[in-house]
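Trainee: Build me a model from this:
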Amino acid sequence: MNNVISFGASFVQKLPIKKYSYETKTYTPDYASMAELNPYDKNDVDSVYEIARDFGGDSYASNIYYDIKSASHRDKNKYNIRFFVLTRQKDNFEKIQDIDVLGIAEIHQINDREIDIDYIQTHPKYVYPVGPKYIKRIGTAILNYFKQDNDKISLLSGNHAFYRKNGFKKISPNGNRMLWVREK
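Mentor: Residues are numbered from 1 along each chain as shown. Predicted coordinates:
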């Protein structure tokens with residue numbers, strides 16, 4: 001389901017997350033929207049700037065902003081880096097609202113069925129909340145989206161426990177390179 005909306009971000013699909021209910025003190029299923037950002041659209045680039053500010057200072061979101069801004073000046077036909085947000089927005093993807101963004105990611109498309117994740121970040125307020133996590137499974141939702149259309153995903157990470165829980169294996173004995181391969 002690829003609904004391109006105007007000149008801005010493209011809605012890709014609804015993804016499952018979990019939302020905390022203060023009344024029942026349990027997590028219930030909910031959905032967020034995955035959207036692909038267009039580095040050649042000023043609104044999308046400006047949105048990533050605001051997302052990076054909202055995520056705070058030195059973050060992967062700031063690195064993603066630098067990369068999407070650089071991408072906006074490159075030749076479209078030679079560019080193989082893609083940008084995504086997971087957001088609570090349900091519509092109006094022409095203008096991504098930074099306050100609704102749950103997570104952001106940047107990938108390098110190696111070939112039709114293989115990617116390298118350059119950056120993936122959940123909004124810090126959902127990782128380090130005061131009290132119970134209001135929303136969880138944000139990073140897992142983003143990873144599961146990437147797993148749908150790819151047979152091989154690689155990345156560098158120091159968070160081995162999270163990625164191992166999501167099916168990745170460490171492939172460099174002295175480094176942080178991890179790999180997920182679709183089981184056949």
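Trainee: domain parsing for the protein?
Mentor: The chain breaks down into these structural domains: 3-150, 151-184 (assignment by automatic domain parsing).
Trainee: tell me the contacts of Ile17?
Mentor: Listed by Cβ atoms under 8 Å, 6 or more residues apart in numbering, the contact set of Ile17 reads 29-32, 86, 102, 135-138, 141. Heads up, the C-betas are built off the backbone N, CA and C, glycines and all.
Trainee: Give me whichever of the domains of the chain is most buried.
Mentor: domain 3-150 (a mean of 17; mean count of other Cβ atoms under 10 Å).
Trainee: pLDDT averaged over it - what is it?
Mentor: Regarding domain 3-150, the rounded mean pLDDT is 88.
Trainee: what's the spacing between it and its chain's center?
Mentor: Taking Cα atoms, centre = their mean, to the nearest Å, one finds the center of domain 3-150 at 4 Å from the center of the full chain.
Trainee: Skip ahead from the host helix or strand of Ile107 and say which helix or strand is next.
Mentor: Ile107 is part of strand 101-111, with elements assigned from DSSP states H and E. Taking DSSP H and E as the definition, the helix or strand that follows strand 101-111 towards the C-terminus is strand 114-122.
Trainee: Direction included, what does that next one pair up with?
Mentor: Strand 114-122 has its sheet partners listed here by DSSP bridges as strand 101-111 (antiparallel), strand 152-156 (parallel).
Trainee: would a markdown table of the ones you listed with distance to Ser47 be doable?
Mentor: Putting those into a markdown table (distance: least, Cβ to Cβ, whole Å) gives the following:
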| stretch | distance to Ser47 |
| --- | --- |
| strand 101-111 | 8 |
| strand 152-156 | 24 |
